[in-house]
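> sequence unknown, structure follows:
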Ligand SMILES: Nc1nc2c(ncn2[C@@H]2O[C@H](COP(=O)(O)OP(=O)(O)OP(=O)(O)O)[C@@H](O)[C@H]2O)c(=O)[nH]1
Ligand SMILES: [Mg+2]
């Protein structure tokens, strides 16, 4: 199916033409028929000579209803420009054409209607010249009379030629169905309609409402008045939603593939048309079927930042238009350059941003996004409309600009060296400290930046040889070994430890390095002492008392008490109710 929107001045015969082509009534409202004027969008379809189907979105021409017109043409890829032979080019002919041009609509057809009332030649020539200067370019033109039927066969052929040129829709694209109507069907509940420009909808699909993020489920689908289990773009489609009150959504909302869009109320755009500096501070942004008030901040000669009163699910490259509703003036066509732009707080930030925007064209550019954002989640980029095709994640789903990543790795090495120099007794830098110093959003990034000889161990980044003790501590431990090697259960007294320069931090380092064993505060032994003690105690008559153990080990209560408690904890000894102990595990188990 193809979708074509009408366009043209009020009363120039758009609806009459659609009726003549389709046999269907596009003016749905009694009021429209009474006044002989289209107020809101109408929908009708027909089969072309080639066998293809074309659906029309019939728009109102009256100047008061231009916003409705824009909701109809916003999502439609092609337009049928209607000009009456007897009236010629009129204000809304121009305004509608300006809107199509602003949106970048590239496919169209000129129809000069009411050819029975006047010579179509002058209107045709004038309209053709106007259209040629726009995104539509040189278009086919047909003169018709809905009254006599003259020209209708030629128009059908021209429509076939038009749709044959339309680009194929993006079949695998996520769904963003801009809602142009919502209503209630008795027995079914809420139904919304729209032009599906890309992707596919199926009954049972989970979608989300753009305005609220609320999850919804497709209960039924209609296309061209008939139920379907599945509808592929391009199509006019009616979606019946499960359990969604009608008030929850309306024109300008959208149904989205979950997780594939980000809603934004801040975007940077290129404006074609009036110079950015001349734009009023407040305009209406029309995109898809939505119309949202936007505050405009010019940045460069043709770039601006828009702040929307309501967030929209926009993608890089989206086309939109800015309109001044008071002046009936299409101020400019908009190409979305950035849907997640940086804040402009620092002095000179706006000028710098203008320079960046000058180099953007709205075509998604992965390498450029990485260069500007340095570090970004893959899903975040996809949701901006930047497909991630080539870059491999550096960690998890994080993508990085290669130059930035190399610089971070170098900074990590520097920060680690600095920290280790300042904290020689710690076994490296805690990962979280590095995360903060490098201002990284995720610990996984820190770990991914670690290169040999650095490594991550127990939540810290340090050198592989990070277990080696600093020189003074190693020397002190060697003295302990020399002095106490032959009396392994005699712990150095506190003042001896102090004399050796072994304070709590040095002892901690030696313990982590496996060079000392800490039994209690300021009670340290050489690491082999536990196994040796187990062997000595196993030779005692069982059970044995604390005093017997103390004598056998040739030590004091200061060492014997915590040493026996350690052996208890390790399951080498067991304490009996009378405070005596027995050795329950063979010596050597204590080593494990
Ligand atoms: N004689 C003659 N009258 C026509 C022709 N086409 C439309 N008309 C008449 O022109 C008037 C306006 O036609 P519509 O089809 O309502 O025009 P429209 O462009 O849809 O108008 P809006 O939707 O309000 O913008 C009606 O009275 C039609 O009968 C034609 O080819 N010949
Ligand atoms: Mg009409």
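Great, that's in hand. The shown structure was predicted, so the numbers you read here are calculated from the model rather than taken from an experiment. Residues are numbered from 1 along each chain as shown. Ligands and ions are numbered 1, 2, ... in the order given.

> tell me the pLDDT at residue 257?
At residue 257, the predicted lDDT confidence score is 97.

> Contacts only, for it.
174-176, 199, 207 (CB atoms under 8 Å, 6 or more residues apart in numbering). All C-beta atoms are positioned from the backbone trio N, CA, C, and that covers glycine.

> one more time with 10 Å, if that's ok
Residues near residue 257 by CB atoms under 10 Å, 6 or more residues apart in numbering: 173-177, 199-201, 205-208.

> cool, residue 415 as well?
429, 433-434, 436-438, 446, 461.

> May I see the PyMOL selection of the buried members of the contacts of residue 257?
A single PyMOL command is used to select the members of these judged buried by 16 or more other CB atoms under 10 Å:
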select buried, resi 174+175+176+177+199+200+201+205+207+208
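
> Looking at the contacts of residue 257, spot the one nearest residue 410.
Using CB to CB, residue 174 comes nearest to residue 410 of those, at 38.5 Å.

> ok so, going back, the contacts of residue 415, buried ones only, as a ChimeraX selection?
Those of the contacts of residue 415 that count as buried under 16+ other CB under 10 Å are selected in ChimeraX with:
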select :429,433,434,437,438,446,461
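
> now, the most widely separated pair of the contacts of residue 415?
Maximum pairwise distance in the contacts of residue 415, criterion CB to CB, is 12.9 Å, between 436 and 461.

> what do the two both touch?
What both residue 436 and residue 461 touch, as defined by CB under 10 Å, 6+ apart, is the set 415, 430, 446.

> which residues of the stretch 351-500 of the chain score low on pLDDT?
Within the stretch 351-500 of the chain, the segments meeting pLDDT under 70 span 464-468.

> need the contact list for the residue in it positioned nearest to ligand 2.
The minimum distance from the stretch 351-500 of the chain to ligand 2, using CB to the ion, falls at residue 362 (33.3 Å). Listed by CB under 10 Å, 6+ apart, the contact set of residue 362 reads 104, 269-270, 315-319, 334-338, 385.

> Contacts only, for residue 29.
With CB under 10 Å, 6+ apart, residue 29 has these contacts: 35, 38-40, 42.

> Looking at the shared contacts of residue 436 and residue 461, which is nearest ligand 1?
Distance to ligand 1, by CB to the nearest ligand atom, is smallest for residue 446 among those, at 62.8 Å.

> Can I take it that that closest one is in a strand?
No: judged by DSSP: H, G, I helix; E, B strand; the rest coil, residue 446 forms no part of a strand; its state is helix.

> wouldn't it be in contact with residue 398 here?
No: using CB atoms under 10 Å, residue 446 makes no contact with residue 398, being 11.3 Å away.

> burial of residue 511, as a residue count?
Residue 511: 14 surrounding residues under other CB atoms under 10 Å.

> nope, residue 267 is what I meant
Quick note: residue 267 (other CB under 10 Å) scores 25 neighbours.

> Averaged pLDDT, the helix or strand hosting it. What do you get?
Applying DSSP states H and E as the criterion places residue 267 in strand 263-273. Mean pLDDT, computed over strand 263-273, is 95.

> what packs against the helix or strand following that strand?
As assigned by DSSP H and E, the chain's next helix or strand after strand 263-273 is strand 282-287. Using 3 or more CB pairs under 10 Å, 6 or more residues apart in numbering; DSSP states H and E as the contact test, the elements touching strand 282-287 are helix 66-73, helix 91-103, strand 263-273, strand 290-300, strand 303-313, strand 319-324, strand 329-338.

> Can you tell me how far the residue lying closest to residue 223 once chain neighbours are set aside is from residue 216?
Excluding its sequence neighbours, the residue lying closest to residue 223 (CB to CB, 6 or more residues apart in numbering) is residue 231, at 4.9 Å. Counting by CB to CB, to the nearest Å, the gap from residue 231 to residue 216 is 16 Å.

> Beta-bridge partners for the residue nearest to residue 279 when sequence neighbours are not counted, please?
Nearest residue to residue 279, sequence neighbours excluded (CB to CB, 6+ apart): residue 296, at 4.9 Å. For residue 296, the beta-bridge partners are residue 306 (DSSP bridges).

> List the residues that contact residue 296.
Per CB under 10 Å, 6+ apart, neighbours of residue 296: 269, 271, 276, 279-283, 285, 304-307, 322, 331-332.

> roughly how far apart are it and residue 351?
17 Å.

> now swap in residue 51 and tell me
Distance, residue 51 to residue 351, by CB to CB: 57 Å.

> cool, residue 264 as well?
In terms of CB to CB, residue 264 sits 23 Å off from residue 351.

> Of these two, which one has the most company?
With neighbours defined as other CB under 10 Å, residue 264 and residue 351 compare such that residue 264 has more, 20 against 11.

> Could I get the pLDDT score of the spatially closest residue to that one that is not a sequence neighbour?
Leaving aside its sequence neighbours, residue 264 sits nearest to residue 339 (CB to CB, 6+ apart; 4.6 Å). We note a pLDDT of 97 for residue 339 in this prediction.

> Identify the residues contacting residue 339.
Residue 339 makes contacts with 261-269, 311-318, 383-386, as judged by CB under 10 Å, 6+ apart.

> sorry, back to before: ok, and of the contacts of residue 29, which contact ligand 1?
residue 38 (CB under 6 Å from any ligand atom).
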